[in-house]
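3D, please:
(chains A and B)
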Amino acid sequence: MRYLPLTDTDRREMCAAIGVPAVDALYADVPAPARLPGPIAGLPLAMSEMEVEAHIQQLAAANSSPSAQPSFLGAGAYRHHIPASVDALIQRGEFLTSYTPYQPEISQGTLQALFEFQSMVCALTGMEVANASMYDGATAAAEAVAMACRVTGRKTALISGGVHPHYREVIATQTHWTAHTAILAAPDAHDREDLTAQIDDSVACVVVQTPSFFGHLRDYTALAAACHAKGALLIIAFTEAVSLGLLTPPGDMGADIVVGEGQSLGVPTSFGGPHVGLFATRDKYIRQMPGRLCGETVDASGKRGFVLTLSTREQHIRREKATSNICTNSGLCALAFSIHLALLGEHGMMKLAQLNHAKACQLAAKLESTPGLRIINHSFFNELTVDLGRPAAALVEKLAAHNILAGVPVSRLYPGVTEFENLLLITATELTSEADMDKLAKALA
Amino acid sequence: MTRKYTPEHEWLEIEGDIATVGITNYAQTALGDVVFVDLPAIGRTVKAKQETAVVESVKAASDVYAPVSGTVTEVNTVLGADPGLVNRDPEASGWFFKLKLADTTELASLLDEAAYNAHLKGL
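Model (predicted):
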């Protein structure tokens, strides 16, 4: 397809036809402070290709890569080994450049990959139906709240203090504009929360997370029963998909909707995205689900095939009555997730989860014997919260200068909360070596 | 018993103060194979012309309106397992819901069979 930009003559003719002096006049209704008065200050207008290359290389050199130094970063994005075959396969043109597969007759490869992705998400979460993915875990959580409000006809969501603060913020933003109410429980660093007493007949759903933002593991079976007794839905979120290789699936605890981040499998940590949101629920709620759904069927000659299905939920058919305004999915990241998980297999996924937990246990043991530190978790998967006894943010900055990425200070996500100032989230994965751990323990001593 | 129609292709059969509501044969033909019917909650109060049910075919999802104001007293649960009944028997066993009429004077504004057939000829 050729791109033919408009000429100045085209613009003049169009403006004359509709009776405005110039294109800028069309922006008169936008308040002046919201308009850009001229060129952006400090933004160079043009560079040669060679200059751009040199400039970008200079910028890239300023990056501090987690793979080049001991890294204990986590808090919602996790560095795992990605097999080289994942990248090689997702870069095949048939996958890399394919658009939303509206036409099943030319999209069987993409559709089958999505169907397998959905099947894997169901197997991991212990749920009955999963969609073809959302943008990320946070938007999946906000969609789950909206869905629970549709299912129950209620307007209030209770959000646990163990849920990732970014997820809480996205839920709060969305509920504000959909005339729903999100009640955000206090951040639960010490795993003391019990929301049971707050569940009443006005509550559409309770949103919880395991492992929690602070790393605690929780069994939500009793909370599920408490929700169902009041006609509310239980939404269980997770940010570390690898944990599902070892932990009780949220579906087995009685969750009605399970949402989470799939980045851990197949997708690198890169400036906050792109990520892939996982979304699964019970069969009985399938028509209230948001997002793309791929189904298996047979063609006219009885051969197995795949199609997008139940599209009447979606915006391109239902318009303003759609279950969601998402009209896409994270197709390529979902594919990377599926390839990585398929390469691991069920046994491999379990081994990977075991290895992550074993590494975290090893790290915890080293930190426990480090004077001045206190681990606040009684349970964890591969991430835990450590009380450093001194402000975490300053120490993290200092260690970063010495090429150790010590973790994520809780104050980075909950700024200005005095009781969180000394708390540091520390993650170990299969990529964390014992030498890395020793460096960290020594640096924190 | 009286049968009435709306220009939006709903029919209703009035018996006492109860109206049974469905979609016409013309509507089911236009929709094609019906794959799902979303029925209202029993006890729900609806106003005339308010969206009360949704019918999904392989082609589209369409709202079904309450032809008159009232309270939903019964829904056709058979459609849950067999939505195709709407195609096979739209104006009898493929009914959608029953309403207890709130205001019988509203019935006067509805079409009788002859008027509905004339309306179809004009489409």
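
I'd assumed residue B:55 was in contact with residue B:32.
No: applying C-beta atoms under 8 Å, one finds residue B:32 not in contact with residue B:55, separated by 10.8 Å. Where C-beta positions appear, they are placed from N, C-alpha and C, glycine not excepted.

Neighbour count: those two, which is higher?
The neighbour comparison of residue B:32 against residue B:55 (other C-beta atoms under 10 Å in any protein chain shown) goes to residue B:55, with 25 against 12.

Run through the neighbouring helices and strands of the helix or strand containing the more buried one.
Per DSSP states H and E: residue B:55 is located in strand B:51-57. With contacts taken as 3 or more C-beta pairs under 8 Å, 6 or more residues apart in numbering or on different chains; DSSP states H and E, strand B:51-57 sits against strand B:34-38, strand B:61-65.

Ok, which of the ones you listed comes nearest chain A?
strand B:61-65 (3.9 Å; C-beta to the nearest C-beta).

Return the list of helices and strands in contact with the helix or strand just after that closest one.
Sequence-wise, the next helix or strand downstream of strand B:61-65 (DSSP H and E) is strand B:70-75. Packing partners of strand B:70-75 (3+ C-beta pairs under 8 Å, 6+ apart): strand B:45-46, strand B:97-101.

Can you point out the buried residues in the top helix by length along chain B?
Scanning chain B for the helix with the most residues, using DSSP state H, yields helix B:113-121. Residues of helix B:113-121 classed as buried by neighbour count (16 or more other C-beta atoms under 10 Å in any protein chain shown): residue B:116.

circling back to that earlier point, which among the helices and strands packed on strand B:70-75 is found nearest to residue A:66?
Between residue A:66 and these, the tightest spacing by C-beta to C-beta is seen for strand B:45-46, at 57.9 Å.

Now do the closest one: distance to the chain's middle.
14 Å (C-alpha atoms, centre = their mean, to the nearest Å).

Please see if it touches chain A.
No: using C-beta under 8 Å from any C-beta of the partner chain, strand B:45-46 never reaches chain A; the gap is at least 14.0 Å.

Rounded mean pLDDT for that strand, please.
Throughout strand B:45-46, pLDDT has a mean value of 96.

which other helices and strands contact it?
strand B:70-75.

what does the strand it packs on contact?
B:18-19, B:39-46, B:52, B:96-102 (C-beta atoms under 8 Å, 6 or more residues apart in numbering or on different chains).

what about burial for those, which qualify?
B:19, B:39, B:40, B:46, B:52, B:96, B:97, B:98, B:99, B:101, B:102.

and these as JSON lines, adding distance to residue A:11?
Listed next are these as JSON lines, based on distance: C-beta to C-beta, whole Å:
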{"residue": "B:19", "distance to residue A:11": "60"}
{"residue": "B:39", "distance to residue A:11": "54"}
{"residue": "B:40", "distance to residue A:11": "53"}
{"residue": "B:46", "distance to residue A:11": "52"}
{"residue": "B:52", "distance to residue A:11": "50"}
{"residue": "B:96", "distance to residue A:11": "54"}
{"residue": "B:97", "distance to residue A:11": "56"}
{"residue": "B:98", "distance to residue A:11": "61"}
{"residue": "B:99", "distance to residue A:11": "58"}
{"residue": "B:101", "distance to residue A:11": "61"}
{"residue": "B:102", "distance to residue A:11": "58"}
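
Give the helix, strand or coil label for the most centrally placed residue in chain B.
In chain B, the centroid-proximal residue (C-alpha atoms, centre = their mean) is residue B:22; its distance is 2.7 Å. What DSSP: H, G, I helix; E, B strand; the rest coil gives for residue B:22 is strand.

What sits closest to it if chain neighbours are left out?
residue B:95 (4.1 Å; C-beta to C-beta, 6 or more residues apart in numbering or on different chains).

Can you get me a residue count around that neighbour?
Counted with other C-beta under 10 Å, residue B:95 comes out at 23.

again with residue B:47
14.

can you pull the contacts of residue 106?
Looking at chain A here, since you left the chain open. Counting by C-beta under 8 Å, 6+ apart, residue A:106 has no contacts.

Switch to chain B, please.
With C-beta under 8 Å, 6+ apart, residue B:106 has these contacts: B:48, B:68, B:69.

And for residue B:84?
B:33, B:34.

again, but for the one 3 residues further on
For residue B:87, the contacting residues are B:28, B:33, B:34, B:94, taking C-beta under 8 Å, 6+ apart as the criterion.

got the end-to-end distance for stretch A:73-91?
Across stretch A:73-91, the terminal residues are separated by 27 Å (C-alpha to C-alpha, to the nearest Å).

for stretch A:176-191, same thing?
28 Å.

and it, how far out from the chain's middle?
18 Å.

Now it: buried residues?
Neighbour count says stretch A:176-191 has A:180, A:181, A:182, A:184, A:185, A:187, A:188, A:189, A:191 buried, by 16+ other C-beta under 10 Å.

what does stretch A:201-220 give?
Those would be A:203-218, A:220, for stretch A:201-220 by 16+ other C-beta under 10 Å.

Please flag which of those residues sit within strands.
The strands, defined by DSSP state E, take in A:203, A:204, A:205, A:206, A:207, A:208, A:209 from the buried residues of stretch A:201-220.

Identify, from these, the entry nearest to residue A:128.
Of those, the one sitting nearest to residue A:128 (C-beta to C-beta) turns out to be residue A:205, at 17.8 Å.

Let me know the distance separating residue A:385 from residue A:359.
Using C-beta to C-beta, to the nearest Å, residue A:385 is found at 17 Å from residue A:359.

Over to residue A:236?
Counting by C-beta to C-beta, the gap from residue A:236 to residue A:359 is 25 Å.

Between these two, which has more neighbouring residues?
For residue A:236 versus residue A:359, the count of surrounding residues by other C-beta under 10 Å is larger for residue A:236: 31 against 21.

Wait, a strand at the more buried one?
Yes: looking at residue A:236 with three-state DSSP, it is inside a strand.

what's it in contact with, if anything?
A:208, A:209, A:210, A:220, A:250, A:253, A:255, A:257, A:258, A:259.

and the second one, what is it in contact with?
In other words, residue A:209. A:160, A:162, A:163, A:164, A:167, A:236, A:237, A:238, A:239.

So which elements touch whichever helix in chain A runs longest?
Longest helix of chain A, by residue count under DSSP H: helix A:331-368. Helix A:331-368 is packed against helix A:84-90, helix A:93-96, helix A:108-125, strand A:374-375, strand A:383-387, strand A:423-427, helix A:434-444, with contacts defined by 3+ C-beta pairs under 8 Å, 6+ apart.

Distance to residue A:287 for the ones you listed - can I get that in TSV?
What follows is those, written out as TSV (distance: least, C-beta to C-beta, whole Å):
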stretch	distance to residue A:287
helix A:84-90	31
helix A:93-96	29
helix A:108-125	16
strand A:374-375	45
strand A:383-387	36
strand A:423-427	38
helix A:434-444	48
